[in-house]
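# here are the coordinates; sequence isn't available:
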């Protein structure tokens, strides 16, 4: 009897080796190799037969013909609204039929709750939804639905982890949308490895992709994350799916943020806001009011920055604290913005504005836990640092935005009119903007706009 061949696979990146290695040469992870039986790859026709897909054109020697671009029907109006406005915003306007979507996030952050709310809403609109759960029974899912006050329509629950049995149910039920909770607990009987391993996750995602594309069924996969906050399993999992959505938020805050880091059918810089309540996750229509509702007034080191998340303007409070250091080298503690960017701006302030902060302890924080990555927050960081260093409060009715260079110049940013409209809507009276944004700028009535060309001009305008 021939001996089964085995191979060692890295559980972080999927790198394979004929022998065990202590450290993965691809991703550098230690003790990540697990021995698995080497499986022979199946043909496309065999995969199609397992999924109940017609095999015409998949057998060896069959001829296939390409389709002319002009003959492909447009699907601009084919998106299916999830019934949740913030989720539709992140997806680019709705759910694309035949798409495979992956949602990841920390345990207990609300992934299952959000998709159960979406499934219940779609089922009430005449859609047939299949909710596959490998972690909860029907009674536990029903208990959550009753707690949230959901009254689903054509919603079917399937507590199953075997992929082949799930595919049999899909063939009989013919749902219009499928939710798999989670991809790490689902396994294929044709593989001997444990659920959650690289081979099982790859096999599950691959068969779900074929099912979604050939039957035009959107499928949502819930994925676990590692302690580093990244999706568990091989990196190929993110390459297989069409959309990757991360669920963010702190356990001690009552709001959650979703953002797409990959989206083949929409933007990747949109942000969706939800508030966690007893009735589930509720969309937040005005994130600026949420972030500014507890802002202190008349405190040095606090400034409001008009930033942009995708097409949505958001006003957030940026705080800084500069204090004398007991040691020769000052500490740098940063939350919510890039630490290297803060160190760069501190050095620029010392060289260009004469603020001696290199030996001071500097703490920078974005109130509310939001992570800001765009360059327009540079002027807010500079203003907050200077305010705390001088112990002088900034006018609470003033907001700022602008990119700052190493020479101390303030550079123009994108979409200044959108930021100004949001500031005016939130009751701000004055906004410090880059002078390069002033030509042709539409200013809302009652709002004073001050253009600055350098950091020194900005500090003069603020103080």
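In hand now; what should we look at? Only a predicted model underlies this, so the values are computations on that prediction, with no experimental measurement involved.
# For residue 459, see how far away residue 370 is.
25 Å (C-beta to C-beta, to the nearest Å). Backbone N, C-alpha and C define where each C-beta goes, glycine included.
# just residue 293 next, same as before
According to C-beta to C-beta, residue 293 and residue 459 sit 28 Å apart.
# So which residues of the chain form helices?
In the chain, the helices defined using DSSP state H lie at 44-51, 85-91, 111-124, 138-148, 163-173, 198-215, 236-240, 287-292, 339-348, 378-390, 416-425, 455-462.
# Compare those helices and say which comes out lowest on pLDDT.
Looking over those, mean pLDDT reaches its minimum on helix 44-51, with a mean of 56.
# before we move on, back to that, among the helices of the chain, which is the most enclosed?
helix 378-390 (a mean of 25; mean count of other C-beta atoms under 10 Å).
# Now do that helix: distance to the chain's middle.
Its chain's C-alpha centre and that of helix 378-390 lie 29 Å apart, by C-alpha atoms, centre = their mean, to the nearest Å.
# by contact count, what packs against that helix?
Helix 378-390 is packed against strand 302-309, strand 312-323, helix 339-348, strand 361-366, strand 398-400, strand 403-404, strand 430-434, helix 455-462, with contacts defined by 3 or more C-beta pairs under 8 Å, 6 or more residues apart in numbering; DSSP states H and E.
# Which strands border the fourth one, and is each parallel or antiparallel?
What that stands for is strand 361-366. strand 312-323 (antiparallel), strand 332-335 (parallel) (DSSP bridges).
# Hmm, residue 379 and residue 458 touching each other?
Yes. Judged on C-beta atoms under 8 Å, residue 458 makes contact with residue 379 at a distance of 6.2 Å.
# shared neighbours of those two, anything?
Jointly contacting residue 458 and residue 379 under the rule C-beta atoms under 8 Å, 6 or more residues apart in numbering are 400, 402, 410, 432.
# residues contacting the third one?
What that stands for is residue 410. Contacts of residue 410 by C-beta under 8 Å, 6+ apart are 379, 402, 403, 404, 434, 435, 452, 453, 454, 455, 457, 458.
# Of the residues you listed, which is the nearest to residue 33?
residue 403 (45.0 Å; C-beta to C-beta).
# mind checking how far the closest one is from residue 430?
Using C-beta to C-beta, one gets 20 Å for the distance from residue 403 to residue 430.
# May I ask which helix or strand of the protein has the lowest mean pLDDT?
Every helix and strand in the chain was compared by mean pLDDT, DSSP states H and E; the lowest is helix 44-51, with a mean of 56.
# can I get the shared contacts of residue 458 and residue 379 in TSV with distance to residue 444?
As requested, these are exported to TSV (distance: C-beta to C-beta, whole Å):
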residue	distance to residue 444
400	16
402	18
410	21
432	15
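# still on that earlier bit, looking at the strands paired with strand 361-366, which is closest to residue 448?
The nearest among the strands paired with strand 361-366, by C-beta to C-beta, is strand 312-323 at 16.4 Å.
# Show me which positions of the closest one end up buried.
Of all the residues in strand 312-323, those buried under the rule 16 or more other C-beta atoms under 10 Å are 312, 313, 314, 315, 316, 317, 318, 319, 320, 321, 322.
# Mean pLDDT added to the strands paired with strand 361-366, as JSON lines?
Putting those into JSON lines (pLDDT from 0 to 100) gives the following:
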{"stretch": "strand 312-323", "mean pLDDT": "94"}
{"stretch": "strand 332-335", "mean pLDDT": "93"}
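# any chance of the ones you listed in a markdown table, with distance to residue 130 too?
A markdown table is the format used below for these (distance: least, C-beta to C-beta, whole Å):
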| stretch | distance to residue 130 |
| --- | --- |
| strand 312-323 | 32 |
| strand 332-335 | 41 |
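# mind checking which of those strands is nearest residue 197?
Using C-beta to C-beta, these put strand 332-335 closest to residue 197, at 35.2 Å.
# re earlier: adding distance to residue 106 as columns, could you present the helices and strands packed on helix 378-390 in a markdown table?
Shown next, in a markdown table, are the helices and strands packed on helix 378-390 (distance: least, C-beta to C-beta, whole Å):
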| stretch | distance to residue 106 |
| --- | --- |
| strand 302-309 | 20 |
| strand 312-323 | 22 |
| helix 339-348 | 22 |
| strand 361-366 | 19 |
| strand 398-400 | 32 |
| strand 403-404 | 32 |
| strand 430-434 | 36 |
| helix 455-462 | 38 |
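# what's the closest of those to residue 223?
That would be strand 302-309 among these, by C-beta to C-beta, at 22.9 Å.
# Give me the angle between the closest one and helix 378-390.
Angle of strand 302-309 versus helix 378-390, following axes from the mean of the first three to the mean of the last three C-alpha atoms, to 10 degrees, is 170 degrees.
# Report the contact partners of the nearest residue to residue 315 once chain neighbours are set aside.
Take residue 315 and drop its neighbours on the chain: the residue closest to it by C-beta to C-beta, 6 or more residues apart in numbering is residue 288, 4.0 Å away. By C-beta under 8 Å, 6+ apart, the contact set of residue 288 is 313, 314, 315, 316, 422, 425, 426.
# And the residue nearest the centre of this structure?
In the chain, the residue lying closest to the centroid (C-alpha atoms, centre = their mean) is residue 259, at 2.8 Å.
# Could you check how many residues crowd around the nearest residue to it once chain neighbours are set aside?
Excluding the flanking residues, the one nearest residue 259 by C-beta to C-beta, 6+ apart is residue 271, at 5.1 Å. Counted with other C-beta atoms under 10 Å, the neighbours of residue 271 add up to 20.
# And residue 368, by the same measure?
By other C-beta under 10 Å, 20 other residues sit near residue 368.
# tell me the contacts of it?
Residues in contact with residue 368 (C-beta under 8 Å, 6+ apart) are 253, 255, 290, 291, 316, 317.
# rerun that using 7 Å as the cut-off
By C-beta atoms under 7 Å, 6 or more residues apart in numbering, the residues touching residue 368 are 291, 316.
# Same question for residue 432.
379, 398, 400, 450, 452, 458, 461, 462.
# so the residue nearest to it when sequence neighbours are not counted bridges to which residues?
If the residues on either side of it in the chain are set aside, residue 432 comes closest to residue 400, at 4.3 Å by C-beta to C-beta, 6+ apart. Applying DSSP bridges to residue 400 gives these bridge partners: residue 305, residue 432.
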